[in-house]
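K.L.:
sequence and predicted structure are below.
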Amino acid sequence: MSNFRSNLFIPGHTLDRLERGQKSNADAIIVDLEDGCPEAEKLVARETLIDLLKENAFTKPLFVRVNDAMEPIGREDIDSISPYQEQIEAIILPKTQSFDFLATLAPMIDFKNKLVPLIETSRAIETVTQIAAFKDVVGLFFGAADASASLGCKLAWEPLLYARQRVVLAASMFNLFTIDAPYFYIDKMAGLKEEAEKVKNLGFTGKAAIHPDQIDHINEAFSPTAEEKEEAKKVLEEYQKSGGGAIKVDGQMIDEPIAEAMRLKITLGEEEKD
């Protein structure tokens, strides 16, 4: 499973910001042809993206959020970028409602094993396990703003907690990565840090960003601290000495599932060095 901690949105009509985004510490770039792009500029944005793909201009993993794939503009987005899909990590599919949505769409597009459904409606939340099971899905993206509108609830942590838990549970069943919605208050970094920590503790593997200033805070939240990595190494050393049986280390019972979690912490730390 890929690790994309911080994922920076760049609206399609502002791709002049790409250089700054690629110089940032973001793990991936999301070019947004959908909600972040004004209706009147969507076609120009798509052409600009294609020109950049022709130039091999992307130095970071690239996600593209296309328009609704059940509408002509969305399928045109997909068809236009499909010749360059070797440069594209995955396409993010808004308005995904169900397994049937994906089964209907898949024969009409050329992307295989590169689909990231946006879980942003009450129906998608209810059917997210079936969505996650679709063969070409590699990750799930939680859309908090649209989900709150669909559910009729406040765009806040507690009202959307159950929805986020459903996304993480479904993704874990099929070894998918998960990207949480961006934190929409650019000038409230304390709130961003708190939310990023919470979604990481739920099991999300990453979070979207809408401003470069958010990236380092997200990366920090999704990365083990030096102390956590040292603790993991100590636990694994003691566990290996025991021959793999359950043992107690500094008052904590350690067995194979906990040892595996410690291995993941160390692995993530090594990936960051690379």
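P.N.:
Great, that's in hand.
K.L.:
what are the ranges of the strands in the chain?
P.N.:
Assigned by DSSP state E, the strands in the chain fall at 6-11, 28-32, 62-65, 90-93, 115-119, 139-142, 177-180, 206-209, 247-249, 252-254.
K.L.:
which residues touch the residue nearest the centre of the chain?
P.N.:
Closest to where the C-alpha atoms of the chain average out (CA atoms, centre = their mean) is residue 179, at 2.3 Å. Shown in contact with residue 179 (CB atoms under 8 Å, 6 or more residues apart in numbering): 4, 7, 116, 139-142, 204-208. Heads up, the C-betas are built off the backbone N, CA and C, glycines and all.
K.L.:
could you rerun that using 7 Å?
P.N.:
Residues in contact with residue 179 (CB atoms under 7 Å, 6 or more residues apart in numbering) are 4, 7, 139, 141, 206-208.
K.L.:
returning to that earlier point: need the strands of the chain in JSON lines (columns: distance to residue 79 and mean pLDDT).
P.N.:
JSON lines is the format used below for these (distance: least, CB to CB, whole Å; pLDDT from 0 to 100):
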{"stretch": "strand 6-11", "distance to residue 79": "21", "mean pLDDT": "98"}
{"stretch": "strand 28-32", "distance to residue 79": "16", "mean pLDDT": "98"}
{"stretch": "strand 62-65", "distance to residue 79": "12", "mean pLDDT": "98"}
{"stretch": "strand 90-93", "distance to residue 79": "11", "mean pLDDT": "98"}
{"stretch": "strand 115-119", "distance to residue 79": "15", "mean pLDDT": "98"}
{"stretch": "strand 139-142", "distance to residue 79": "21", "mean pLDDT": "98"}
{"stretch": "strand 177-180", "distance to residue 79": "24", "mean pLDDT": "98"}
{"stretch": "strand 206-209", "distance to residue 79": "25", "mean pLDDT": "98"}
{"stretch": "strand 247-249", "distance to residue 79": "55", "mean pLDDT": "74"}
{"stretch": "strand 252-254", "distance to residue 79": "52", "mean pLDDT": "75"}
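K.L.:
adding distance to residue 187, write the ones you listed out as TSV.
P.N.:
Shown next, in TSV, are the strands of the chain (distance: least, CB to CB, whole Å):
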stretch	distance to residue 187
strand 6-11	17
strand 28-32	21
strand 62-65	24
strand 90-93	26
strand 115-119	26
strand 139-142	23
strand 177-180	20
strand 206-209	14
strand 247-249	42
strand 252-254	39
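K.L.:
looking at the ones you listed, which is nearest to residue 193?
P.N.:
Between residue 193 and the strands of the chain, the tightest spacing by CB to CB is seen for strand 206-209, at 10.9 Å.
K.L.:
hmm, who's touching that closest one?
P.N.:
4-9, 26, 30, 177, 179-182, 196, 199, 215, 218, 222.
K.L.:
for stretch 146-161, same thing?
P.N.:
Under the contact criterion CB under 7 Å, 6+ apart, stretch 146-161 has outside partners 120-122, 125, 144-145, 163, 195, 198.
K.L.:
ends of that stretch, how far apart?
P.N.:
14 Å (CA to CA, to the nearest Å).
K.L.:
with stretch 95-107 instead?
P.N.:
18 Å.
K.L.:
could I get the buried residue list for it?
P.N.:
For stretch 95-107, a neighbour-count test (16 or more other CB atoms under 10 Å) marks 95-99, 101-102, 105 as buried.
K.L.:
identify the farthest-apart pair in these.
P.N.:
The widest separation within the buried residues of stretch 95-107 (CB to CB) is 14.3 Å, between 95 and 99.
K.L.:
on that earlier part again, which of the contacts of residue 179 lies closest to residue 169?
P.N.:
residue 139 (14.5 Å).
K.L.:
alright, calling it a day.
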